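# Pasting the sequence and the predicted coordinates here, then a few questions.
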Amino acid sequence: DSQKLTSKMAHWKEMKKEELEKQYSPSQWSHRMAADVVVQAHAASLREGTDRARAVAQTFLNVPYGEGEREKLDIYVPPSPSLDLPLVIYIHGGYWQFLSKEESGFLAVPLVPKGIAVVAVGYDTAPKGDMDLMVSQVRRSVASVVQQYSHISGVYLCGHSAGAHLAAMVLCTDWSQYSTTPNIKGAFLVSGVYDLVPLMSTYVNDPLKMTEDVALRNSPMQLVPQLKQFSSDCEIVVAVAQHDSPEFRKQSLEFFQALESSGLKVIFDDVPNTDHFNIIEQLVNEEYHLTQLLLKTIERNAASRTQEP
Ligand SMILES: N[C@@H](CC(=O)c1ccccc1NC=O)C(=O)O
């Protein structure tokens, strides 16, 4: 019925600026909190989870993956890691202009005790960074991690909101320009944006200043053939919150459908009783649906590996 829901909607091109901006203001759709408090509460929740992660994991903070000031990673490792451990790379959200890796380690809380390492990627948010730079940074960060840590049994990507967009751009990467080809086994794209063109005329683009060329070349929706070419073995989860805006829900559904039509291994996960913010905050809990899905995906890949000759 998410399909029914979106078929009645006006196309974004027919929306007045005010309506389009509301559709792209996730805070205005929360079922839990008022718009003016949900974003602050979100940052506080992620920061608290990250503090907990830093207490339970062995951490390597501010590991550089490039020359830039923000081109750094935080690594969260189990206290006594196995020689061959799975790694989840997390790309934070915040509309390419808020948040940082400093509040992006929270998902290590349930993962590290299961023997899984977590990397939180830093990148230059706008206005310092532009869209091309952020995409280049997350690609280089993934290549750098894979190259530096040879004892990784599998790489999984997870991104929220703008970070889901950046994670999808990583999947579209032609790695022949890089020093290594990461073998990404799974990607969890949570409440993402996959077509940047509708954002161009909204407040979101004020600090980004994307032209149409920039928006098109950085839209995963335009790059499905590349994604299929370079990430054909990756298991993809496109997750969206029940209380995401109709336009956000439509973006996820249409991206899922495009991936499915191209023959990729993808599932659509419409997460009940969540909004744009707590759909990712709850990854701090082991029992949460998306945590369980992530753990099962990793375990299934680990099991099939040991059965290979
Ligand atoms: N102005 C936006 C802010 C926003 O979307 C946001 C804020 C913090 C963390 C994630 C966010 N969403 C996507 O990256 C809003 O209305 O919620």
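Perfect, I can see it now.
# residues touching the residue nearest to E281 when sequence neighbours are not counted, list them.
Distance criterion C-beta to C-beta, 6 or more residues apart in numbering; nearest residue to E281, sequence neighbours excluded, is S45 at 4.7 Å. In this view, the C-beta of every residue, glycine as well, is placed from N, C-alpha and C. Counting by C-beta atoms under 8 Å, 6 or more residues apart in numbering, S45 touches 106, 277-278, 281, 284.
# Alpha carbons of the helix or strand harbouring C158, as CSV, please.
Take DSSP states H and E as the rule and C158 turns out to sit in strand 152-160. Extracted in CSV, the C-alpha atoms of strand 152-160 (Å, rounded to 0.1, in the frame of the first residue of the first chain):
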residue,chain,number,x,y,z
ILE,A,152,38.2,-8.1,7.3
SER,A,153,35.8,-10.9,6.4
GLY,A,154,33.2,-8.6,4.8
VAL,A,155,32.4,-5.0,4.4
TYR,A,156,28.9,-3.7,5.0
LEU,A,157,27.7,-0.1,4.4
CYS,A,158,25.1,1.7,6.4
GLY,A,159,23.9,5.3,5.8
HIS,A,160,21.1,7.4,7.1
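# Next up, phi/psi of L73, please.
Backbone torsions of L73, given as degrees, to the nearest 10, read phi -120, psi 150.
# In contact with it: list those residues for me.
L73 neighbours (C-beta under 8 Å, 6+ apart): 62-65, 101, 119-122, 141, 144-145.
# Pull out the buried residues from the residues you listed.
63, 65, 101, 119-122, 141, 144-145 (16 or more other C-beta atoms under 10 Å).
# can you pull the contacts of I279?
Neighbour list for I279: 160, 190-191, 239-241, 244, 271, 290 [criterion: C-beta under 8 Å, 6+ apart].
# Now it. Nearest residue, chain neighbours left out?
I279's closest residue in space is A241 (C-beta to C-beta, 6+ apart), at 4.2 Å.
# Would you tell me which residues of the chain are close to the ligand?
25-27, 39, 42, 93-95, 98-99, 161-162 (C-beta under 6 Å from any ligand atom).
# Can you add pLDDT, secondary structure and neighbour count and give those residues back as JSON lines?
Below are those laid out as JSON lines (pLDDT from 0 to 100; DSSP: H, G, I helix; E, B strand; the rest coil; neighbours: other C-beta atoms under 10 Å):
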{"residue": "S25", "pLDDT": "98", "secondary structure": "coil", "neighbour count": "17"}
{"residue": "P26", "pLDDT": "98", "secondary structure": "helix", "neighbour count": "24"}
{"residue": "S27", "pLDDT": "97", "secondary structure": "helix", "neighbour count": "18"}
{"residue": "V39", "pLDDT": "97", "secondary structure": "helix", "neighbour count": "20"}
{"residue": "H42", "pLDDT": "98", "secondary structure": "helix", "neighbour count": "26"}
{"residue": "G93", "pLDDT": "98", "secondary structure": "coil", "neighbour count": "26"}
{"residue": "G94", "pLDDT": "98", "secondary structure": "coil", "neighbour count": "20"}
{"residue": "Y95", "pLDDT": "98", "secondary structure": "coil", "neighbour count": "22"}
{"residue": "F98", "pLDDT": "97", "secondary structure": "coil", "neighbour count": "16"}
{"residue": "L99", "pLDDT": "98", "secondary structure": "coil", "neighbour count": "22"}
{"residue": "S161", "pLDDT": "98", "secondary structure": "coil", "neighbour count": "27"}
{"residue": "A162", "pLDDT": "98", "secondary structure": "helix", "neighbour count": "28"}
